[in-house]
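Enquirer: I'll drop the sequence and a predicted model, then ask my questions.
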There are 2 protein chains.
Amino acid sequence: MTGSFDHHFSARANAMKASDVRELLKLLQAPDMISFAGGLPNPATFPTEIIREITNDILSGDARSALQYGITEGYLPLREAVAERMRGKRIDVTTDNVGIVSGSQQVIDLVGKVFIDPGDSIVVSAPTYLTALTGFAVYNARFETVPIDEDNMRMDLFEDKLKTLTSDSRHPKLIYALPNFQNPAGVTMPERNRRRLIDLASEHDLIILEDDPYGELRYRGDDVRPIKSFDDEGRVVYMSTFSKILAPGLRIGWMLAHPDILRKLIIAKQSSDVCTNVLGQVISHEYIARGHIDTQIGKIRAMYGRKMDLMLDGMKRFMPDGIEWITPEGGMFLWATLPEGLSSGELLEKALKKGVAFVSGRAFFPDPADGMSTMRLNFTYPSDDLIEEGLRRLGAVIKEEMGAP
Amino acid sequence: MTGSFDHHFSARANAMKASDVRELLKLLQAPDMISFAGGLPNPATFPTEIIREITNDILSGDARSALQYGITEGYLPLREAVAERMRGKRIDVTTDNVGIVSGSQQVIDLVGKVFIDPGDSIVVSAPTYLTALTGFAVYNARFETVPIDEDNMRMDLFEDKLKTLTSDSRHPKLIYALPNFQNPAGVTMPERNRRRLIDLASEHDLIILEDDPYGELRYRGDDVRPIKSFDDEGRVVYMSTFSKILAPGLRIGWMLAHPDILRKLIIAKQSSDVCTNVLGQVISHEYIARGHIDTQIGKIRAMYGRKMDLMLDGMKRFMPDGIEWITPEGGMFLWATLPEGLSSGELLEKALKKGVAFVSGRAFFPDPADGMSTMRLNFTYPSDDLIEEGLRRLGAVIKEEMGAP
């Protein structure tokens, strides 16, 4: 073939580019590199021996069922266990509201399929989860952005945005919300704002996608009820995952939705991947059934909470004046902002040469002109001593960049 | 919420309906039912003890890697092993051409994302794999159909179709081909037709998606080289799966493509599900690495070949004159046609009451007016003795329906 396949590709494919974050991860192979760039759980948390025992029991028992196709909705005992756990979060659901997915990222793809016609608007915070943006872009969504503060999406500006859109006859289709320890900024939406969000969604007849991968990863303060727990009209699709509380390599997540919505999501999943890997579903169920999951969440909270404190401490010690950051209460990330005029993208190139990596915040903004001075630092993956050393290196690079060596 | 969510759904979601086959499967729970309706591998073929050993070894060894996120392209040793096997089929590929997917159904979704703009035409045989139709329909594809005969897609009619489309300026985007033991009709495309298909694709600058889930399931005759093995321009995307030769519950498939195409498919996969479940990938690789796969394929061929012969024998014994069927050389299905005027959909209702199930062939035709008298019978799942008894029941129902009791 002579050269390019571009004329064969769809318009969406010609617009696709690889995630900056993922491309960056490939460049981080230098042996002495300290990376705050990823978003990976710490593998030392994986309960490998328990998973080995469980899996051995499954494959010594009814192995054939665990190795056969499953129904698209998911393994029934796992759906039941998830429903029970979700009721513990004050979400009023039964098994009929639960679908198991191939990691919660799949919910974004399925929601795109089921709700988004080309040109439909989705309201997102800026910044927001990068791969939600690329996932919805496949369905030719338009993004309407609302800035954040320490309380997550700014509710006053969200109300303004809704008014503007409505008066322009650009009624949005969906609100994408990441209320707990948001990726990338680590910010959490207070309960009053969640209640207000649900009221506004009802008033404007909107669907909310509540993305909650980090809800269990709270290290300080009190849990806030999920948006879905205030939903008495079935307008919230809720998604979460075992990736952050058990093991991401199993690729098991779940979604909660009104049965009429769930039915469409399941039909969309049929033609996407038939069903979620059954062995991973049976392992996840058995892990819950044997009573391990809450102990495991406790262990993860202890480790990540310690790492978060180490990072907050290191930021205070090594960052020059003029750098600001948000103090999270949980999750996996710390969000920092350089003095105005400094580019985190340019800083990153210098930092990589000094053996420390982070993610420039620009990728998390739908508008590429935004977020130039922002950076996301992951604290769950690096070992404790490397958090300190990495921040020492990063602080030195920033000081040099600010002309104050 | 007052009643319906329809006004929230995308146009594609409002057009979605559950697969007839899958909905039917749920109705087949009657205890005495003999089902030729499904398309499941026989779980007695699953090498459960070997998988248990392998999985135990993996989780006793580098468990953390098997439980962590993997790269979107797939587990490198598995990609290498797949490339090597594919070279054994005379396909000229390296690891750089291989992507691992969450079951080969996912390739249909990814190809839809990467190639199909709304209204683009896809040439398919009629009948063809049902969930390819629903998968591509998500991307608002139009289907151009070419009838089949015992040699799979009719090449003379395919050429006519291309001429008509081209002269109408309706250049198709893609040819979807299922050359080996096609689902549903069990027909295989001879080598000369595969060569002709590639030549025509080159002449008309088309992309081919070659779907090959059953290639290893040959019980009679000689293997035919994959279409991809004649592709020296990178215009064939090839897909296959471990579901039929190892275990479908692992959800591990693969795709082969030109690196420029693979890159787009992988970006599309990033936002679809991040990566394929890693544990299943490591198990699949280890299964190949320990030298089990060819022995296993031999065992499956022996069992399914015997079942196919039992079904062909039963058809001869129990079907009245006027029923025709295609004799397959492999795969999982037998395709039969009732005398003109008899509806397989109506027959099915009566058959279910007599304790035997099949799939009405209509679902496999893009045009719902087609295939009214056709039926698909699966022979891999039922036990040997139930194949005979099921055909006895089915023959009796058909005789009654034909008014010749």
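Expert: Structure's in. What do you need?
Enquirer: pretty sure residue A:245 is touching residue A:216, no?
Expert: Yes: between residue A:245 and residue A:216 there is a contact under C-beta atoms under 8 Å: 5.2 Å. C-beta here means a position set from N, CA and C on the backbone, and glycine is covered the same way.
Enquirer: now the common contact residues for those two.
Expert: A:297, A:300 (C-beta atoms under 8 Å, 6 or more residues apart in numbering or on different chains).
Enquirer: contact partners for residue A:182?
Expert: A:125, A:128, A:129, A:148, A:152, A:188, A:331 are the contacts of residue A:182 under C-beta under 8 Å, 6+ apart.
Enquirer: among these, which one has the most neighbours?
Expert: When neighbours are taken as other C-beta atoms under 10 Å in any protein chain shown, the top entry among the contacts of residue A:182 is residue A:331 (29 neighbours).
Enquirer: ok, that one touching residue A:186?
Expert: Yes: Residue A:331 is within contact range of residue A:186, at 5.1 Å (criterion: C-beta under 8 Å).
Enquirer: show only the entries of the contacts of residue A:182 found in strands.
Expert: Residues of the contacts of residue A:182 located in strands (DSSP state E): A:125, A:148, A:152.
Enquirer: chain neighbours aside, what residue packs nearest to the second one?
Expert: This points to residue A:148. residue A:125 (5.0 Å; C-beta to C-beta, 6 or more residues apart in numbering or on different chains).
Enquirer: you'd agree that neighbour is up against residue A:152?
Expert: Yes: counting by C-beta under 8 Å, residue A:125 does reach residue A:152; the two are 6.7 Å apart.
Enquirer: and stretch A:59-78, is it in reach of chain B?
Expert: Yes: Stretch A:59-78 reaches chain B (C-beta under 8 Å from any C-beta of the partner chain) through A:59, A:60, A:63, A:64, A:65, A:66, A:67, A:68, A:69, A:70, A:72.
Enquirer: got the end-to-end distance for that stretch?
Expert: End-to-end distance of stretch A:59-78 (C-alpha to C-alpha, to the nearest Å): 17 Å.
Enquirer: next: stretch A:177-185.
Expert: So stretch A:177-185: terminal residues 13 Å apart, C-alpha to C-alpha.
Enquirer: per-residue pLDDT, the closest residue to residue A:100 other than its chain neighbours?
Expert: With sequence-adjacent residues excluded and distances taken as C-beta to C-beta, 6+ apart, residue A:100 is closest to residue A:74, at 2.7 Å. The score at residue A:74 is 98. That number is its pLDDT.
Enquirer: same question for the helix or strand where residue A:312 lies, mean pLDDT?
Expert: Taking DSSP states H and E as the criterion, residue A:312 maps to helix A:293-318. Helix A:293-318 comes out with an average pLDDT of 98.
Enquirer: for it, buried residues please.
Expert: A:293, A:296-297, A:300-301, A:303-305, A:307-308, A:310-312, A:314-315, A:318 (16 or more other C-beta atoms under 10 Å in any protein chain shown).
Enquirer: and the residue of the stretch 301-405 of chain A found nearest chain B, what does it touch?
Expert: For the stretch 301-405 of chain A and chain B, the shortest gap (C-beta to the nearest C-beta) falls at residue A:381, measuring 10.0 Å. By C-beta under 8 Å, 6+ apart, the residues touching residue A:381 are A:35, A:38, A:40, A:41, A:42.
Enquirer: from residue A:298, how far off is the third one?
Expert: For residue A:40, the distance to residue A:298 (C-beta to C-beta, to the nearest Å) stands at 20 Å.
Enquirer: just the last one next, same as before
Expert: Applying C-beta to C-beta, one obtains 15 Å for the distance of residue A:42 from residue A:298.
Enquirer: and what of the fourth one?
Expert: Taken as C-beta to C-beta, the spacing of residue A:41 relative to residue A:298 amounts to 15 Å.
Enquirer: the second one now?
Expert: When C-beta to C-beta is applied, the distance between residue A:38 and residue A:298 equals 24 Å.
Enquirer: doesn't residue A:239 lie inside a helix?
Expert: No: using DSSP: H, G, I helix; E, B strand; the rest coil, the assignment for residue A:239 is strand, not a helix.
Enquirer: who's in contact with the nearest residue to it once chain neighbours are set aside?
Expert: Using C-beta to C-beta, 6+ apart and skipping residues adjacent in sequence, the residue nearest residue A:239 is residue A:107, 4.0 Å away. Counting by C-beta under 8 Å, 6+ apart, residue A:107 makes contact with A:101, A:209, A:211, A:237, A:239, A:253, A:255, A:265.
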